[in-house]
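# Predicted structure and sequence below. I'll ask about it afterward.
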Amino acid sequence: MQFLKKLRPFDYLVIAIIFVIIIVGLLTYTGKRATSSNQIETTTNVELEVYLRGVNVTSDEPVFKKGEETFITIRNVPYTKLTIKDVKFDKRKAIIPTINPKKPYIVIDDDTAPYQYDYLVKLNDSAKITKDGDAVLGGNKVKIGLPITLEGPKYKLNGVISNIIVSPEPVNNNHEDLDKHTKLNQDVQ
């Protein structure tokens, strides 16, 4: 009893935190608490479309080339090099209003920004897919709107993920993941 009289409120807080940590550890160990590894359903190929707006380029050489590798950073965390599958770019556009009610505006090249381009870069990678259908790259769930940085020998540009295309085929060739989904679909029918 003398020991309990010497404890201060901070000591009770420390004991409570240790107790909670032990309970969470036991629940995780027994499998009653869902962790990220329990949420992964399959691994498959994904295609990321990265939109880079207003890139200033005065060089005659293209910034991105199909087949080259670019290093990506997701949420300021370096990830890996990915192969560029496709590149589309266009000069920066401007919208001009018109007096025609059937066509209230026209889109033209913006001559006030002669060296600004908008890029759409497609990248390939394998990703873990969670049970709710989200793609996970480098421990990050990737979604449309997520900032991403592309870096090569002559550039480091910031963009945003504009589309994620998940392949129905698994990464491994034995099709275990697809067989599981096919069986589930047959059971439902």
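Thanks, I have it.

# and residue 92, how far is that from residue 105?
The spacing between residue 92 and residue 105, counted by Cβ to Cβ, to the nearest Å, is 16 Å. For the C-beta atoms, the positions are set from N, CA and C on the backbone; glycine is no exception.

# So for these two, which sits in the more crowded spot?
The residue with the greater number of neighbours, taking residue 92 and residue 105 and applying other Cβ atoms under 10 Å, is residue 92; the counts read 18 against 11.

# got the residue ranges for the strands in the protein?
Listed in chain order, the strands of the chain (DSSP state E) span residues 40-56, 69-74, 77-91, 93-97, 105-109, 116-130, 135-137, 140-142, 147-151, 156-170.

# Mind checking these for the one nearest to residue 30?
Counting by Cβ to Cβ, residue 30 lies closest to strand 40-56 out of those; the figure is 19.3 Å.

# So which elements touch the closest one?
strand 116-130, strand 135-137, strand 147-151, strand 156-170, helix 176-188 (3 or more Cβ pairs under 8 Å, 6 or more residues apart in numbering; DSSP states H and E).

# Let's have these in CSV, adding mean neighbour count and distance to residue 11.
Supplementary listing: the helices and strands packed on strand 40-56 in CSV, determined by neighbours: other Cβ atoms under 10 Å; distance: least, Cβ to Cβ, whole Å:
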stretch, mean neighbour count, distance to residue 11
strand 116-130, 19, 41
strand 135-137, 20, 41
strand 147-151, 18, 44
strand 156-170, 15, 48
helix 176-188, 11, 51
